[in-house]
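Enquirer: next one to model:
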Amino acid sequence: MTLEQLRAAYEAKPFQPFIIHLADGRQIPVPSREFIQAFPNGRTLAVFHNDAAHVIDLLLVTDLETRTVAPRRRRSQGE
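Expert: Numbering: from 1, shown residues only. I've put the predicted structure just below:
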């Protein structure tokens, strides 16, 4: 996992929530941009979840999972 791949998920417009999968099996959700911060070294980031800060080494990230949400279908006047 590279910082550029993570940055692409972070900067997606519109933002899509994603889950960071780690080598030890943990899954850390990122519901919005406000919950994640990259360190200046480019290899570490902090994710805030459940009143805790998770400091993550990007070398331990195995996958970024995004879930696309299907657009809601509008009901017509006759339904």
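
Enquirer: which residues of this structure fall in helices?
Expert: Counting by DSSP state H, the chain has helices at residues 3-11.

Enquirer: spatially central residue for it, please.
Expert: Most central in the chain under Cα atoms, centre = their mean is F18, positioned 3.4 Å from the mean C-alpha point.

Enquirer: could you find the closest non-adjacent residue to that one?
Expert: Spatial nearest neighbour of F18, chain neighbours left out: T66 (4.5 Å); criterion: Cβ to Cβ, 6 or more residues apart in numbering. Any C-beta I mention is one placed from the backbone N, CA and C, and that applies to glycine too.

Enquirer: T44 too?
Expert: Per Cβ to Cβ, 6+ apart, closest to T44 is D57, 5.8 Å.

Enquirer: number of residues surrounding that neighbour?
Expert: D57 has 13 neighbours, counted by other Cβ atoms under 10 Å.

Enquirer: what residues of the worst-scoring helix or strand of the chain on mean pLDDT count as buried?
Expert: Within the chain, no helix or strand scores below helix 3-11, which has a mean of 86 by mean pLDDT, DSSP states H and E. For helix 3-11, burial by neighbour count (16 or more other Cβ atoms under 10 Å) applies to 3, 6, 9-10.

Enquirer: show the contacting residues for the nearest residue to H49 once chain neighbours are set aside.
Expert: Take H49 and drop its neighbours on the chain: the residue closest to it by Cβ to Cβ, 6+ apart is I28, 5.7 Å away. For I28, the contacting residues are 19-20, 22, 47, 49, 54, 56, by Cβ atoms under 8 Å, 6 or more residues apart in numbering.
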